[in-house]
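K.L.:
Dropping the sequence and predicted coords here.
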Amino acid sequence: MKHSFALAATVLLTCVLIGHAQGPLTGKWQGETSSGTSLALDLTVTGTTLTGTMTRGDERIPLSDGQVSKNTFSFKAKINDKTEGFSGEVTGEDLKVWLDRQGPPKAVVLKRVKG
């Protein structure tokens, strides 16, 4: 009986740690910019490091220098031959992301892609 309890506790702890390591940002997010351009992020979090890609229209752009701290994040991406800084925050099923030079008032809201 003690062995079964210990095994169940170990499995539960492992699941919690794996879920925590990925964080709430890990996954696919999509939406539109204010100009109507489709925008998608495919993100992976490992510890405090954020990696992934941004798809803007038909252009797929790798992310660099990604960092995560609780529910906020930042990364860089090359847009039109210029490296731009991005920041954002996740709140539930919404992800707000903005160009650093424009600030939070110009945030685009992305929704988590289910499944």
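P.N.:
That came through fine. Here the structure is a predicted model, which is why all the values come from computation and not from measurement.
K.L.:
Now do the helix or strand that contains Phe86: distance to the chain's middle.
P.N.:
Using DSSP states H and E, Phe86 sits in strand 82-91. On the basis of Cα atoms, centre = their mean, to the nearest Å, strand 82-91 is displaced by 10 Å from the centre of the chain it belongs to.
K.L.:
and for the helix or strand following it, what are the contacting residues?
P.N.:
As assigned by DSSP H and E, the chain's next helix or strand after strand 82-91 is strand 94-99. Contact with strand 94-99 is made by 25, 29, 41, 84-90, 104-112, as judged by Cβ atoms under 8 Å, 6 or more residues apart in numbering. The C-beta positions use only the backbone N, C-alpha and C, and glycine is treated the same way.
K.L.:
Make a PyMOL selection of the buried ones in the residues you listed.
P.N.:
Selection of buried members from the contacts of strand 94-99 for PyMOL, criterion 16 or more other Cβ atoms under 10 Å:
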select buried, resi 25+29+41+86+87+88+89+90+107+108+110
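K.L.:
Next, give phi and psi for the spatially most central residue of the chain.
P.N.:
Nearest residue to the geometric centre of the chain (Cα atoms, centre = their mean): Leu25, 3.6 Å. Reported as degrees, to the nearest 10, the phi and psi values for Leu25 are phi -80, psi -30.
K.L.:
show me what contacts it?
P.N.:
Leu25 makes contact with Leu43, Val45, Leu50, Val68, Phe73, Val90, Leu95, according to Cβ under 8 Å, 6+ apart.
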